[in-house]
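[1] okay, sequence plus prediction incoming.
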Amino acid sequence: MLTLSEKAADRVRDLIKAKEGLSDPGLRVRVVAGGCSGLSYELDIADGANPDDKVYEQHGVKVYVDGKSDLYLAGVEMDWKETLMGASFTFNNPNATGSCGCGESFHT
């Protein structure tokens with residue numbers, strides 16, 4: 001199961017507040033083919049779960065994950081980092097055997 005740090009959940013809540021008209025808002029997290037290491041994370045603010053989604057709730061944030069992506073996200077922690085160079089979501093994936101230099105894609 002993917003876990004969100006409190007900082008990541010705070011940032012997601014801010015993003016959800018910025019979107020209007022959502023009846024069941026949450027964070028959709030997917031693992032898709034792509035990136036320089038083969039697989040990458042895809043994030044979106046979604047309005048409800050799809051029929052095949054697993055739904056997790058952490059720190060008051062709903063997280064929607066499709067069944068295939070859920071396999072890749074087991075044990076992964078998503079965090080929010082802010083530095084002088086910028087801010088972004090980061091992923092600590094203990095299942096990844098390698099990743100690209102920017103940390104946005106991985107392989108297992």
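    In hand now; what should we look at?

[2] do you know how far the residue lying closest to residue 76 once chain neighbours are set aside is from residue 13?
    Nearest residue to residue 76 in three dimensions, chain neighbours excluded: residue 93, at 4.7 Å (C-beta to C-beta, 6 or more residues apart in numbering). Just so you know, the C-beta spots here come from the backbone N, C-alpha and C atoms, and that holds for glycine as well. Look at residue 93 and residue 13: by C-beta to C-beta, to the nearest Å, they are 23 Å apart.

[3] from residue 84, how far off is the residue nearest to residue 76?
    Residue 93 sits at a distance of 25 Å from residue 84 (criterion: C-beta to C-beta).

[4] repeat that for residue 2.
    28 Å.

[5] okay, the two: which has more neighbours?
    Shown here are residue 2 and residue 84; by other C-beta atoms under 10 Å, residue 2 has more neighbours (23 against 4).

[6] right, and that one touches residue 64 too?
    No - applying C-beta atoms under 8 Å as the test, residue 2 and residue 64 come out as separate, 10.4 Å apart.

[7] list residues touching both of those two?
    Residues touching both residue 2 and residue 64 by C-beta atoms under 8 Å, 6 or more residues apart in numbering: residue 29.

[8] and residue 20, which of the three is it?
    coil (DSSP: H, G, I helix; E, B strand; the rest coil).

[9] next, count neighbours for it.
    6.

[10] swap in residue 8?
    Residue 8 sits with 23 neighbouring residues when counted by other C-beta under 10 Å.

[11] can you check the one 10 residues further on too?
    Look at residue 18: counted by other C-beta under 10 Å, it has 8 neighbours.

[12] how much space between it and residue 46?
    Residue 18 is 14 Å from residue 46, by C-beta to C-beta.

[13] try residue 13
    According to C-beta to C-beta, residue 13 and residue 46 sit 14 Å apart.

[14] of the two, which one has the most company?
    Using other C-beta under 10 Å as the criterion, residue 13 and residue 46 rank with residue 46 on top: 20 against 15.

[15] strands along the chain, start to end?
    With DSSP state E as the criterion, the chain has strands at 3-4, 25-33, 39-47, 53-58, 61-66, 77-83, 86-92, 98-99, 105-107.
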